[in-house]
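> Provided below for reference: sequence and predicted model.
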Amino acid sequence: MNIRKQINTKIRELSTVSNEKFKILINKFLNTLVEILATSNQLKKEFIDYDGIYQICITDINFNCWFKLNKGIIIYQKGINKESNITFYIKKGLLLEIIRLKKGASDSYMKGLIKLKGDLSYALKFRNILNLIVKYIIYITKNEKNR
């Protein structure tokens, strides 16, 4: 199965499962995404300026995870990191809309749908990181499609 189909299949799965199954699948999805990103030397170079710990809390299903960027290396873990530079609070439905590219994270924050705690400069960095990831996913899915 090509990468495009894998991503679309995972997103569809996330949209239809119970909250407990969602927690398992989102964890696997994020692990896989980080593994893909970690193998791209181009993205490692792009991530150099974004060092920090970014916490995400999906409030309505009690799921927490964090990403640490350090010198272009990305680490993902489930749970709480008390040393995070910023924490984002989001609901499951909105996260799915963002993953499906139906809504933008920045616009959702401006509308008050995403809350945050921490240094606002890290929110701007995370926005840039998400934009890079989305561009990368679009790029690899288009390349898979053209094969």
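Good, I have the coordinates.

> And Gln55, how close does it get to Ile90?
Look at Gln55 and Ile90: by C-beta to C-beta, to the nearest Å, they are 11 Å apart. Every C-beta, even on glycine, is put in place using the N, C-alpha and C of the backbone.

> for this protein, which spans come out with low pLDDT?
1-4, 137-147 (pLDDT under 70).

> Which one's more surrounded, Gln55 and Ile90?
Neighbour count, other C-beta atoms under 10 Å: between Gln55 and Ile90, Gln55 has more, with 24 against 20.

> so how far is the helix or strand where the more buried one lies off the chain centroid?
In the assignment (DSSP states H and E), Gln55 maps to strand 52-58. Computed by C-alpha atoms, centre = their mean, to the nearest Å, the chain-centroid distance of strand 52-58 equals 9 Å.

> and the residue lying closest to Cys65 once chain neighbours are set aside, what is it in contact with?
Spatial nearest neighbour of Cys65, excluding adjacent residues (C-beta to C-beta, 6 or more residues apart in numbering): Lys78 at 5.0 Å. Taking C-beta atoms under 8 Å, 6 or more residues apart in numbering, we find Lys78 in contact with Asn27, Phe63, Asn64, Cys65.
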